[in-house]
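Q: A predicted structure for the sequence below; I have some questions about it.
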Amino acid sequence: MRTVLAAILLVGASSQVLGQPSSAFRLSDLHAQGATQLSKDELQVLLPGAKVESRTVQGSTRFWENSADGSLLASTDNRGDLSSRRHATARGSWQLADNGSYCVLLEWKRKTEQWCRFIFKSGDRYFAVKSSSDQSSVAHELAFSR
């Protein structure tokens, strides 16, 4: 019984360490679907006042709203965080960089998160990627609403 439990824990831990599944959605997949990169002008219309929902690789769901003044208050259910499965909030900010990327800074209690992503649209779905030229760049879905 102990061996079976250890094997189950090892498999679960290795999937957490590996992060992205081998079938991860990439920029090349977006291009194959005919997705288009949103311009800075399009993002200036979409982002202010938008409610954003994202899911981490580990499975946590996060929500925030892009205030017109560049501030935001984020929350997460921490479902994917094995060390803390409690709801958490973070203050932060967002901005649109000169290169047309969407940049977010989140001050969580235990860490600071800062990233910039290019936004692509495929049908009615939005995806964020680190690089708009590296075809292997992982695409993370973001949901924007009002």
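A: Right, received. Where do you want to start? Since the structure is predicted, the reported quantities are computational estimates derived from the model, not experimental observations. Residues are numbered from 1 along each chain as shown.
Q: Which elements pack onto the longest strand seen in the chain?
A: Scanning the chain for the strand with the most residues, using DSSP state E, yields strand 112-122. Helices and strands touching strand 112-122, as assessed by 3 or more Cβ pairs under 8 Å, 6 or more residues apart in numbering; DSSP states H and E, comprise helix 27-32, strand 36-37, strand 102-107, strand 125-129. C-betas here are computed from N, CA, C, even on glycine.
Q: mind putting these in a markdown table, mean neighbour count included?
A: What follows is the helices and strands packed on strand 112-122, written out as a markdown table (neighbours: other Cβ atoms under 10 Å):
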| stretch | mean neighbour count |
| --- | --- |
| helix 27-32 | 16 |
| strand 36-37 | 14 |
| strand 102-107 | 18 |
| strand 125-129 | 21 |
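Q: my read: Val104 touches Gln114, true?
A: Yes. Taking contacts as Cβ atoms under 8 Å, Val104 lies within contact range of Gln114: 7.2 Å.
Q: Neighbouring strands - and their directions - for the longest strand of the chain?
A: Each strand that strand 112-122 pairs with, and the sense of that pairing, follows from DSSP bridges: strand 36-37 (antiparallel), strand 102-107 (antiparallel), strand 125-129 (antiparallel).
Q: show me where pLDDT drops low in this protein?
A: Low-confidence segments of the chain (pLDDT under 70): 1-23, 80-85.
Q: Could you rerun that using 90?
A: With pLDDT under 90 as the threshold, the chain has low-confidence stretches at 1-25, 56-60, 78-87, 110.
Q: can you give me the helices in it?
A: In the chain, the helices defined using DSSP state H lie at 2-18, 27-32, 40-46.
Q: coming back round to it: what would the helices and strands packed on strand 112-122 look like in JSON lines with distance to Glu65?
A: As requested, those are arranged in JSON lines below (distance: least, Cβ to Cβ, whole Å):
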{"stretch": "helix 27-32", "distance to Glu65": "25"}
{"stretch": "strand 36-37", "distance to Glu65": "24"}
{"stretch": "strand 102-107", "distance to Glu65": "12"}
{"stretch": "strand 125-129", "distance to Glu65": "15"}
